[in-house]
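# Sequence first, then the predicted structure:
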2 protein chains.
Amino acid sequence: MTRFALKIEYDGRRFVGWQRQSNGVSVQQVLEQAAAKLCDGVIPASVAAGRTDAGVHAEGQVVQIDLPARLTVRAVRDALNFHLQPHAVAVVAVAIVSDLDWSARFSAIGREYRYVILNRAARPAIAAGFVWHVKSPLNAHAMQRAANILVGRHDFTSFRASACQAASPVRTLDRLDVRQCGPQIIIEASARSFLHHQVRNIVGSLKLVGDGHWTETRVAEALAARDRAAAGPTAPPDGLTLLSVRYPQDPFAGQQ
Amino acid sequence: MTRFALKIEYDGRRFVGWQRQSNGVSVQQVLEQAAAKLCDGVIPASVAAGRTDAGVHAEGQVVQIDLPARLTVRAVRDALNFHLQPHAVAVVAVAIVSDLDWSARFSAIGREYRYVILNRAARPAIAAGFVWHVKSPLNAHAMQRAANILVGRHDFTSFRASACQAASPVRTLDRLDVRQCGPQIIIEASARSFLHHQVRNIVGSLKLVGDGHWTETRVAEALAARDRAAAGPTAPPDGLTLLSVRYPQDPFAGQQ
């Protein structure tokens, strides 16, 4: 067997999330079922860099999976895409990982997420399921100033889900950018790793600053409180996309 | 009655096109049916700036419609969006047009379209229905050089549908830009007006240059031939979006 790294894209609306669950179809399940066609029907185990929740999308999720050594990267890509039909998952790049200690999850040194708010009166006709529709006008500049408070190394207890399994609530947020693009407010976040619901909980608080319910200092107070109840509500999954995962060496270098 | 201008957005996958037709649901039909709720059930007539085909999307289509004078722009926007549900059409802006000679179609002095090609091996998991999926690698620089040949005032007979009803095949293409954005090739076209299928027929020819089947000079020959058979095939509607319509005075100035 050979370890392959896959870069995959999916429409989160169709799935209960990345991880296998009893209550519906997961991305992991359809990917492993497609891969089983390359393994004489035996379902191989896969590990993803980020365990995205139900409704969360990915453009650059990275997955490791062990497949028969005789397969080329091109054969793996085309065969998986063939067998993944009609599911809304596509394998956009494939690489062979020669280092068997390489883990899609634990070798990752950076993850980048994008969250999109559609800030206008009219509901989305095109982007439904891919944006959080907020009708009240948001001040993107105030949201950026509040975001700046959260950048850096902090105890993010106030912004992690109560179900979060991480040993430590301390994370280093490298980048948290808020920009207005027509009626959209686009929030991009980069960190080595994130806590469960961290991006969505941060967006839920920034929205309260944007619509004037919170001052920017309230975000600093929420952070200092180390109490989930002190921060804003969790933003819906629709607007969130896992954009990319970074490794010390890009396994897909030279591919798009 | 008062003349209103509407800026609307729609997902072309759901419709047989802008115009009412006997073979399915059109954007015009669902919009006029929603507007009838504001007119005691009488269906008002609407006129659009661009009669988009089946499968073609719009982010900034402009429509004129006459509605009772007592309605405010906000009431029109919110009531239409309410009654348009669950159809994939949204009214993003509304303006009152005081000049009764104003026509959404004939007063327009510019139209802008975007065409998106997804140029990679893997089919789209997220953007299905919004891109033309082309697997063979395309050279965007060669496509831009070929596009430059088409910019300006020309007889576009080779690039118009045989069913095109326009009196003259002469049009002035103000802008035809090709740019690569990751795996996407984005083509933007601006003109006062376009012939039927003009953008899609141009894209079909540019694709032949991009994948090396045609030299750039072949596009000049196709243009000079004034014969539809001399140009490339019609690109699918999926990748095409009507972005915006320009008027001597922007009816929606100050609105997003």
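Structure received.
# Chain B contacts on the stretch 101-250 of chain A?
For the stretch 101-250 of chain A, the contact set with chain B under Cβ under 8 Å from any Cβ of the partner chain comprises A:Arg120, A:Ala121, A:Ala122, A:Arg123, A:Pro124, A:Ala125, A:Ile126, A:Ala128, A:Phe130, A:Gly182, A:Pro183. Placement of C-beta: from N, CA and C, glycine included.
# Filter those residues down to the buried ones.
Neighbour-count burial (16 or more other Cβ atoms under 10 Å in any protein chain shown) is assigned, among these, to A:Arg120, A:Ala121, A:Ala122, A:Arg123, A:Pro124, A:Ala125, A:Ile126, A:Phe130, A:Pro183.
# Would you check which pair of those residues lies furthest apart?
A:Ala121 and A:Phe130 (18.4 Å; Cβ to Cβ).
# Now for A:Pro237: which residues touch it?
A:Gly12, A:Asp53, A:Ala54, A:Gly55, A:Val56, A:Arg200 (Cβ atoms under 8 Å, 6 or more residues apart in numbering or on different chains).
# so which of those residues is the most crowded?
With neighbours taken as other Cβ atoms under 10 Å in any protein chain shown, the top of the contacts of A:Pro237 is A:Val56, carrying 27 neighbours.
# okay but that one is in contact with A:Gly12, surely?
Yes: between A:Val56 and A:Gly12 there is a contact at 4.6 Å, judged by Cβ atoms under 8 Å.
# Overlap of the contact sets of these two?
By Cβ under 8 Å, 6+ apart, A:Val56 and A:Gly12 have these common neighbours: A:Pro237, A:Leu240.
# Please tell me how far A:Ile185 sits from A:Leu208.
Distance, A:Ile185 to A:Leu208, by Cβ to Cβ, to the nearest Å: 13 Å.
# and A:Phe106, how many neighbours does it have?
11.
# swap that for A:Ala225, please
A:Ala225: 13 surrounding residues under other Cβ under 10 Å.
# Spatially nearest residue to it (excluding sequence neighbours)?
Of all residues not flanking A:Ala225 in the chain, A:Ser158 sits nearest, at 5.5 Å (Cβ to Cβ, 6 or more residues apart in numbering or on different chains).
# and that neighbour, which of the three is it?
Three-state secondary structure (criterion: DSSP: H, G, I helix; E, B strand; the rest coil) places A:Ser158 in helix.
# now do A:Arg218
Following three-state DSSP, the label given to A:Arg218 is helix.
# Return the residues in contact with it.
A:Leu208, A:Val209 are the contacts of A:Arg218 under Cβ under 8 Å, 6+ apart.
# what do you get for A:Leu84?
Contacts of A:Leu84 (Cβ under 8 Å, 6+ apart): A:Val30, A:Leu31, A:Ala34, A:Ala90, A:Val91.
# what does A:Asp101 give?
Applying Cβ under 8 Å, 6+ apart, the residues near A:Asp101 are A:Ser107.
# per-residue confidence for it?
pLDDT for A:Asp101: 90.
# So, low pLDDT: which residues of chain A?
A:256 (pLDDT under 70).
# if we can go back for a sec, in CSV, list the residues of the stretch 101-250 of chain A next to chain B along with secondary structure.
Listed next are those as CSV, based on three-state DSSP:
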residue, secondary structure
A:Arg120, coil
A:Ala121, coil
A:Ala122, coil
A:Arg123, coil
A:Pro124, coil
A:Ala125, coil
A:Ile126, coil
A:Ala128, coil
A:Phe130, coil
A:Gly182, coil
A:Pro183, coil
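# what about the spatially closest residue to A:Arg14 that is not a sequence neighbour, neighbour count?
In space, and not counting its chain neighbours, A:Arg14 is closest to A:Ala88: 4.7 Å by Cβ to Cβ, 6+ apart. When neighbours are counted by other Cβ under 10 Å, A:Ala88 registers 20.
# quick one: A:Ala88 from A:Asp11, how far?
4 Å.
# Need the overlap of contacts for the two.
B:Ala125, B:Ile126.
# before we move on, back to that, enumerate every residue touching the residue nearest to A:Ala225.
Contacts of A:Ser158 by Cβ under 8 Å, 6+ apart are A:Asn201, A:Ala222, A:Leu223, A:Ala225, A:Arg226, A:Asp227, A:Arg228, A:Ala230, A:Ala231.
# Counting neighbours, which of the residues you listed end up buried?
A:Asn201, A:Ala222, A:Leu223, A:Arg228, A:Ala230, A:Ala231.
# These in helices, which ones?
Among these, the ones falling in helices (DSSP state H) are A:Asn201, A:Ala222, A:Leu223.
# Closest one of those residues to chain B?
Nearest to chain B out of these is A:Asn201 (Cβ to the nearest Cβ; 24.3 Å).
# In contact with that closest one, which residues?
A:Ser158, A:Phe159, A:Arg160, A:Ala161, A:Arg228, A:Ala231, A:Gly232, A:Thr234, A:Ala235.
# Can you pick out the most distant pair from the residues of the stretch 101-250 of chain A next to chain B?
Farthest pair in these, by Cβ to Cβ: A:Ala121 and A:Phe130, 18.4 Å.
# related to what we said a few turns ago, would you check that my belief about the residue nearest to A:Arg14 contacting A:Ile8 is correct?
No: in this structure, A:Ala88 is not within contact of A:Ile8 by Cβ under 8 Å, at 10.9 Å.
# what do those two both touch?
With Cβ under 8 Å, 6+ apart as the test, A:Ala88 and A:Ile8 both reach B:Ala125.
# related to what we said a few turns ago, got JSON lines for the contacts of A:Leu84, with secondary structure too?
Formatted as JSON lines, those follow (three-state DSSP):
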{"residue": "A:Val30", "secondary structure": "helix"}
{"residue": "A:Leu31", "secondary structure": "helix"}
{"residue": "A:Ala34", "secondary structure": "helix"}
{"residue": "A:Ala90", "secondary structure": "strand"}
{"residue": "A:Val91", "secondary structure": "strand"}
